[in-house]
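# turn this into a structure:
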Amino acid sequence: MTKVLYICASPRGEDSAAVQGARVFLGALADSVTVTEFNLFSESLPEYTHTLAGAKQKTMTAMELSAAEAAEWAQVTKLVDQFLSADHVLMAVPMWNFGVPYKFKQYIDLLTHPGLTFRMAKDGPRGVGSATGTVIYSRGGNYSPKNGQPDPFDFQSPYVKAWASLVGINPLEEVLIQGTMAGPEAQQQAVDAVTGQLTGAAAGLS
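Residues are numbered from 1 along each chain as shown. Below you'll find the predicted structure:
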């Protein structure tokens, strides 16, 4: 049975184009697929405190953690365990100021640690995870590559792809919902334009 972890990085709920795209994907999944939804704006993500930073450093050097450090580190390992247990990771990620929402960055910072989600090898880091992934980007404008070159304002896709590669999400399919600032009708058209891509990606899971 395939397990999907759906990470929602928008506070706008069903008004979000990325969330609307995710609903298309989820609605096309086989009945045998189980879904865990993790909304970054409604979950209480742990803060990255001095104590948590100390716990990370001690863990990396095999030192004993204090009770306070162990308690905060346990919150991180709980998130990591949930993430690594997924067979497929679905992410709904709107573009904010050419990048990703701060809650998504916080989640990445909480997950990404050597020995937990990646390991160092002679030829570079290797992801611990083995999930496949789909990321849905919603964007107010059009930030597709231009003339064969990446859009200079797109810091969203390169960052997410680099992180996904680091932690072992492979392959990662990117779905672009663009031009959403033009109003509700344009947003719906943008979602409709990628419906085939989304249902096709979902159909590959069983």
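
# got the buried residues for stretch 45-61?
Within stretch 45-61, the residues scored as buried using 16 or more other C-beta atoms under 10 Å are 46, 51-52, 54-56, 58-59. To be clear about C-beta, it is placed using only N, CA and C from the backbone, and glycine gets the same treatment.

# identify the farthest-apart pair in these.
P46 and K58 (16.7 Å; C-beta to C-beta).

# which strand residues bridge the most centrally placed residue in the chain?
Closest residue to the average C-alpha location of the chain: M91 at 4.4 Å, with C-alpha atoms, centre = their mean. The partner list for M91 in beta bridges (DSSP bridges) reads I7, V135.

# is it true that it touches I7?
Yes: in this structure, M91 is within contact of I7 by C-beta atoms under 8 Å, at 4.7 Å.

# hmm, back to that, how far away is the residue nearest to the centre of the chain from A190?
18 Å (C-beta to C-beta, to the nearest Å).

# same for the top helix by length along the chain, what does it pack against?
Longest helix in the chain, counting residues (DSSP state H): helix 67-84. Packing partners of helix 67-84 (3 or more C-beta pairs under 8 Å, 6 or more residues apart in numbering; DSSP states H and E): helix 50-60, helix 102-111.

# try it again at 10 Å.
Based on contacts counted as 3 or more C-beta pairs under 10 Å, 6 or more residues apart in numbering; DSSP states H and E, the elements that helix 67-84 packs against are strand 3-8, strand 34-39, helix 50-60, helix 102-111, helix 156-167.

# adding distance to S16 and mean pLDDT, write those out as CSV.
Formatted as CSV, those follow (distance: least, C-beta to C-beta, whole Å; pLDDT from 0 to 100):
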stretch, distance to S16, mean pLDDT
strand 3-8, 8, 98
strand 34-39, 11, 98
helix 50-60, 29, 95
helix 102-111, 13, 98
helix 156-167, 15, 97
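
# of these, which is nearest G200?
So among the helices and strands packed on helix 67-84, strand 3-8 is nearest, using C-beta to C-beta, at 15.4 Å.

# per-residue pLDDT, A62?
With respect to pLDDT, A62 scores 91.

# likewise the one 5 residues further on?
For A67, the model assigns a pLDDT of 97.
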